[in-house]
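>>> Next one to model:
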Amino acid sequence: MENVQAALWVVVLLVSLALMFDFMNGFHDAANSIATVVSTGVLKPGQAILFAAFFNVIAIFIFQLSVAATVGKGIVQPGVVDTHVVFGALLGAITWNVITWYYGIPSSSSHALIGGIVGAVIAKSGAGSLVSAGIFKTVIFIFISPFLGFVLGSLMMVAVAWIFRRSRPSKVDKWFRRLQLVSAGAYSLGHGGNDAQKTIGIIWMLLIATGYTAAGATSPPTWVIISCYAAIGMGTMFGGWRIVKTMGQRITKLKPVGGFCAETGGAITLFLATALGVPVSTTHTITGAIVGVGSTQRASAVRWGVAGNIVWAWIFTIPASAFVAAVAYWLSLQFF
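Just a heads-up that it's a prediction; the model follows:
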């Protein structure tokens with residue numbers, strides 16, 4: 001009886017740690033949803049985070065749980081995951097998030113979590129325990145999502161410039177200040193729909209590994225879904241202001257029309273990835289879209305040095321979080 005209670009407490013603590021990661025995901029990635037709408041002056045910071053958090057949460061009613069299924073069942077071979085693996089994965093992801101938030105670097109919470117899972121699993125039983133198709137799909141979208149965001153953002157900017165070429169700038173600005181609310185809402189929907197599901201996936205993975213959910217279940221428990229969407233919404237409400245400054249001001253200067261094009265291009269990318277069940281980086285996506293919008297004006301409108309630093313953070317995210325996760329897995333075996 002005592003062993004059963006101890007095992008239950010371990011699961012409770014790990015679920016709490018997963019929800020802490022989910023909260024940090026919202027906190028860390030709030031900039032993805034609000035940086036453009038704040039930097040263009042369409043919404044004040046306080047209004048923007050409430051706006052983004054609302055759409056993060058209502059994404060629960062919009063998207064199927066395809067991303068959660070990929071993370072929960074499509075990354076690691078059945079029977080490999082245990083409580084030590086989940087602990088290592090979450091600690092690796094949280095550590096990387098804290099480091100990048102502190103230095104104001106817009107890195108990917110999604111890939112930090114995937115890196116954490118990969119590092120902990122390899123530490124336990126080697127790379128053969130990973131599902132190659134799931135890993136490949138995730139890794140390839142590290143490149144596809146920012147590229148697609150870049151292309152869609154720049155194409156929309158060119159199209160809007162051509163459509164409104166005879167309109168007064170003041171009139172265009174007035175229209176797009178309103179339209180940017182639509183695009184920011186859409187991007188926040190995509191953010192909540194893709195990112196909350198990653199935490200749903202790892203909790204689902206944990207519950208299957210510990211026998212609290214059947215391996216053949218087609219969806220996780222309802223309480224997991226609701227708590228993960230609530231946690232990411234709460235995290236967004238607190239906002240990672242260091243990263244907001246980098247995303248909204250340091251990469252390129254945005255006007256409402258540029259903010260609309262970047263957010264819309266990013267939102268389309270996120271909706272597509274979530275429908276395909278691919279856990280993508282909302283950070284990579286919106287950064288690519290912002291750079292795409294800036295580059296349509298002139299190459300010098302983009303601060304390429306800042307963008308380059310962000311790319312280096314992307315490159316290091318998975319190996320860095322995987323390393324910390326492997327160490328955390330080993331420590332968990334020694335002390336728990």
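
>>> and the residue lying closest to G265 once chain neighbours are set aside, what does it touch?
Spatial nearest neighbour of G265, chain neighbours left out: L152 (3.2 Å); criterion: C-beta to C-beta, 6 or more residues apart in numbering. Backbone N, C-alpha and C define where each C-beta goes, glycine included. Under the criterion of C-beta atoms under 8 Å, 6 or more residues apart in numbering, the contact list for L152 reads T264, G265, G266, I268, T269, A289, G292.

>>> could those residues go into JSON lines alongside distance to G192 and secondary structure?
Conversion of the contacts of L152 to JSON lines gives the following (distance: C-beta to C-beta, whole Å; DSSP: H, G, I helix; E, B strand; the rest coil):
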{"residue": "T264", "distance to G192": "17", "secondary structure": "helix"}
{"residue": "G265", "distance to G192": "18", "secondary structure": "helix"}
{"residue": "G266", "distance to G192": "13", "secondary structure": "helix"}
{"residue": "I268", "distance to G192": "16", "secondary structure": "helix"}
{"residue": "T269", "distance to G192": "15", "secondary structure": "helix"}
{"residue": "A289", "distance to G192": "18", "secondary structure": "helix"}
{"residue": "G292", "distance to G192": "23", "secondary structure": "helix"}
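
>>> what's the farthest-apart pair in these?
In terms of C-beta to C-beta, the contacts of L152 reach their longest pairwise distance at I268 and G292, which sit 12.3 Å apart.

>>> More neighbours: which of the two?
Just comparing I268 and G292: by other C-beta atoms under 10 Å the higher neighbour count belongs to G292, 29 against 20.

>>> Would you state the helices of the stretch 51-200 of the chain in chain order?
Chain-ordered helices for the stretch 51-200 of the chain, with DSSP state H, counting those that start in this stretch as the definition, fall at 66-73, 83-102, 109-125, 132-163, 169-209.

>>> Kindly reformat those as JSON lines containing distance to T283.
JSON lines is the format used below for the helices of the stretch 51-200 of the chain (distance: least, C-beta to C-beta, whole Å):
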{"stretch": "helix 66-73", "distance to T283": "16"}
{"stretch": "helix 83-102", "distance to T283": "9"}
{"stretch": "helix 109-125", "distance to T283": "8"}
{"stretch": "helix 132-163", "distance to T283": "9"}
{"stretch": "helix 169-209", "distance to T283": "10"}
